[in-house]
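1. quick one: sequence plus predicted model below, questions after.
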Amino acid sequence: MPLPECDKIWFNGELVDWHDAQIHVLSHVVHYGSSVFEGIRCYKTEKGSAVFRLDEHVSRLFDSAKIYRMEIPYTQEEVTQAILETIRVNKLEACYIRPVVFRGYETLGVDPMGCPVDAVIAVWEWGEYLGEAALKNGVSVCTSSWNRMAPNTLPFLAKAGGNYLNSQLVRIEANLNGYDEGIVLGTDGLVSEGSGENIFAIKNGSIVTPESHFGILPGITRHTAITLMRDLGMKVEQRGIPREFLYIADEVFFTGTAAEITPIRAIDKIKIGAGERGPITAQIQDAFFKVIRAEVEDKHGWLTFV
């Protein structure tokens with residue numbers, strides 16, 4: 001399904017027409033995956049359009065760039081304001097936001113340091129990542145035959161383009177086999193995450209999620225969910241999770257900017273709990289959506305109004 005086009009894209013400090021936002025085919029990023037990026041959501045609320053956890057996303061973008069030794073030629077505040085400006089100029093009430101920083105066109109070789117660092121911000125309308133029905137009915141997923149990278153191979157604390165080649169393999173395999181998504185194990189055989197989501201499991205009222213050293217990107221929605229659970233008086237344990245624990249869990253769900261809070265109804269064709277969204281997942285979903293829709297007090301300061 002093609003992206004819904006908008007009028008303008010922010011490209012190295014200037015707003016250009018959608019179809020004019022182009023790069024050279026010999027840009028370093030095309031050949032070596034040398035980019036870092038973020039996925040951010042802007043929601044329509046009764047109080048106006050609001051970007052969810054904008055500061056945290058921009059901060060992580062700069063952290064990712066630092067890990068890959070990219071000097072972003074703008075400050076965090078300049079990128080933040082550019083994101084808000086891009087939403088306003090495209091007159092969107094709700095949208096997905098994709099800031100991406102990449103090595104551009106100059107030299108071509110493994111060493112990227114001679115290439116310029118370019119920055120782009122695009123926005124477009126986008127619905128539920130795994131389908132509208134998924135938020136209520138849950139998704140069917142498989143355990144991937146691919147593993148997450150071992151520690152100290154690729155830096156999984158960076159949200160980098162090249163890292164997502166592994167995720168592509170996971171998602172392609174899952175979709176070709178009739179599943180909505182895949183779950184990846186680490187090289188130790190323990191649960192890591194989805195192709196682009198973090199994962200939580202609930203058993204007898206206890207909530208667990210893999211710790212950050214188990215090959216996961218510590219997601220901002222993951223942090224949101226943990227915070228909301230604690231606000232609700234729930235305890236969350238971060239530890240290693242064996243694959244088979246997911247099969248016998250009462251509830252399992254994904255978290256992510258795109259996926260939001262998505263229940264998992266089956267894993268490897270094994271029904272999870274009642275095979276539908278469970279009561280604790282529903283409670284967490286309800287708290288999450290009340291926050292992003294500005295229906296409750298924003299006591300954590302997560303909303304930035306456009």
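-> Looks like it came in fine.
2. ignoring the adjacent residues along the chain, who's closest to the residue lying farthest from the centre of the chain?
-> What lies farthest from the middle of the chain is residue 107; by Cα atoms, centre = their mean that is 30.9 Å. In space, and not counting its chain neighbours, residue 107 is closest to residue 114: 4.1 Å by Cβ to Cβ, 6 or more residues apart in numbering. Every residue, glycine included, has its C-beta placed from N, CA and C.
3. how many neighbours does the one you found have?
-> If you count neighbours by other Cβ atoms under 10 Å, residue 114 ends up with 11.
4. phi first, then psi, for residue 286.
-> Main-chain dihedrals, residue 286, degrees, to the nearest 10: phi -60, psi -40.
5. which parts of the stretch 51-200 of the chain are helices?
-> If DSSP state H, counting those that start in this stretch is used as the criterion, the helices of the stretch 51-200 of the chain fall at 54-67, 76-89, 134-137, 164-176.
6. so which of those helices gets nearest residue 241?
-> helix 164-176 (17.1 Å; Cβ to Cβ).
7. CA-only coordinates of the closest one in CSV, if you can.
-> Backbone C-alpha positions of helix 164-176 (Å, rounded to 0.1, in the frame of the first residue of the first chain) are rendered in CSV as follows:
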residue,chain,number,x,y,z
TYR,A,164,16.5,-3.4,10.7
LEU,A,165,17.7,-5.8,8.0
ASN,A,166,17.4,-8.4,10.7
SER,A,167,13.8,-7.2,11.4
GLN,A,168,12.9,-7.4,7.7
LEU,A,169,13.9,-11.0,7.7
VAL,A,170,11.7,-11.7,10.7
ARG,A,171,8.7,-9.8,9.3
ILE,A,172,9.0,-11.3,5.8
GLU,A,173,9.2,-14.8,7.1
ALA,A,174,6.2,-14.3,9.4
ASN,A,175,4.0,-12.8,6.7
LEU,A,176,4.9,-15.4,4.1
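8. from residue 124, how far off is the residue nearest to residue 107?
-> 33 Å (Cβ to Cβ, to the nearest Å).
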